[in-house]
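Visitor: Fold the following.
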Amino acid sequence: MFNSKHYTCYCTKSGRNENVNMIVVHKSERDDVFFFATKILVETPSYGYSSPLKDGLVFFSLFRPDPSEFSKYDNFKKSDFESLKTNFKAETNNDLSSLHPVTFIDIRSHQYSVNIETPVLGKFVYLKLLRTEPVDTTIDIQKFEICGHSVSLKDINRDDLYTNR
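Guide: Prediction:
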């Protein structure tokens, strides 16, 4: 999605006491083309930056998400995600507009990578970068990459859409 080469990074504004929310849109010449995400890779700068990303959440959606829907995930911890993951795996959720985090980004070194167990269908990616440092610092990220493939809705069985969570 975005990938800074060399040592260029995306840095948030400093002095904000907020998490950072980003929406990334899958662009296609056709409106019926979406993506199946199978892997997420996040890298932070290895040196030269004061506040590399440590925690975050990744969501996928077929519809443009409303950022206000994500305020319940402020101050979210990995343990909260694990609990939520257990709960929504137990549910049978056929509502394609509902949003659940696909992964909790937990970077304790320079790189985070996760294979998504069940590929996720989407058109929008919502990133919630959680602020774990003091408020006078930035959040620095060097690479956010999603692996997978594009698919046309007319080429897949509608029942397959319900397996995306």
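
Visitor: For the residue nearest the centre of the chain, give me the pLDDT.
Guide: Nearest to the mean C-alpha position of the chain, by Cα atoms, centre = their mean, lies Val58 at 2.0 Å. We have a pLDDT of 93 for Val58.

Visitor: For it, give me its contacts.
Guide: Ile40, Pro101, Val102, Thr103, Ile105, Val125, Tyr126, Leu127, Lys128 (Cβ atoms under 8 Å, 6 or more residues apart in numbering). For every residue, glycine as well, the C-beta is placed using N, CA and C.

Visitor: Next up, identify which helix or strand it is on.
Guide: Using DSSP states H and E, Val58 sits in strand 55-61.

Visitor: so where do the strands sit in this structure?
Guide: Along the chain, the stretches classed as strands by DSSP state E are 2-3, 10-11, 20-25, 33-43, 55-61, 103-106, 111-122, 124-130, 140-141, 143-152.

Visitor: Which neighbouring elements make contact with the fourth one?
Guide: To tie it back to what came earlier, the one meant is strand 33-43. With contacts defined as 3 or more Cβ pairs under 8 Å, 6 or more residues apart in numbering; DSSP states H and E, strand 33-43 has these neighbours: strand 55-61, strand 103-106, strand 111-122, strand 143-152.
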